[in-house]
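Chemist: Kindly generate the corresponding structure for this input.
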Amino acid sequence: MGRDRLRDAYAAADVVIITSFYDGFARVLMDAGVGGRPVVSTPTLGAREVVADGVAGSVAPLDDAAGFADRIAGWI
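Modeler: Presented below is the predicted three-dimensional model:
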């Protein structure tokens, strides 16, 4: 996806959701932040460093589906 399309996709989103069990680099998290979009993410590599919990989004535990859904609802 080109940078323009990616920028447009982030602009259209209310919240960016990352459900990965593993991510080697927090690029999506950083792109979402640059686009001004909150992120709800699993604790992938870099998530806690990039997402200011409660400010720029939330980081949810892998084993808490209900908590993850609650965090998403809180940003919509």
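Chemist: contacts, neighbours, all on C-alpha from now
Modeler: OK.
Chemist: Going by contacts, tell me the helices and strands next to the helix or strand of the chain with the lowest mean pLDDT.
Modeler: Least confident helix or strand, the chain: helix 27-34 with a mean of 75, by mean pLDDT, DSSP states H and E. Secondary structure elements in contact with helix 27-34, counted by 3 or more C-alpha pairs under 8 Å, 6 or more residues apart in numbering; DSSP states H and E, are strand 39-41, helix 47-50.
Chemist: what's the least confident stretch among the ones you listed?
Modeler: Ranked by mean pLDDT, those bottom out at helix 47-50, with a mean of 80.
Chemist: Only C-alpha atoms, please: export the least confident helix or strand of the chain in PDB.
Modeler: Output of helix 27-34 as PDB, limited to C-alpha atoms (Å, rounded to 0.1, in the frame of the first residue of the first chain):
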ATOM      1  CA  ARG A  27       5.900   0.400  12.700                       C
ATOM      2  CA  VAL A  28       2.000   0.200  12.600                       C
ATOM      3  CA  LEU A  29       1.900   1.700  16.200                       C
ATOM      4  CA  MET A  30       4.100   4.600  15.200                       C
ATOM      5  CA  ASP A  31       2.200   5.200  11.900                       C
ATOM      6  CA  ALA A  32      -1.100   5.300  13.800                       C
ATOM      7  CA  GLY A  33       0.400   7.800  16.300                       C
ATOM      8  CA  VAL A  34       1.700  10.000  13.600                       C
END
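Chemist: Can you mark which positions in it are buried?
Modeler: Leu29, Met30, Ala32, Gly33 (16 or more other C-alpha atoms under 10 Å).
Chemist: Contacts made by stretch 66-76 with the rest, please.
Modeler: Asp14, Val15, Ile17, Pro38, Val40, Gly57, Ser58, Ala60, Pro61 (C-alpha atoms under 8 Å, 6 or more residues apart in numbering).
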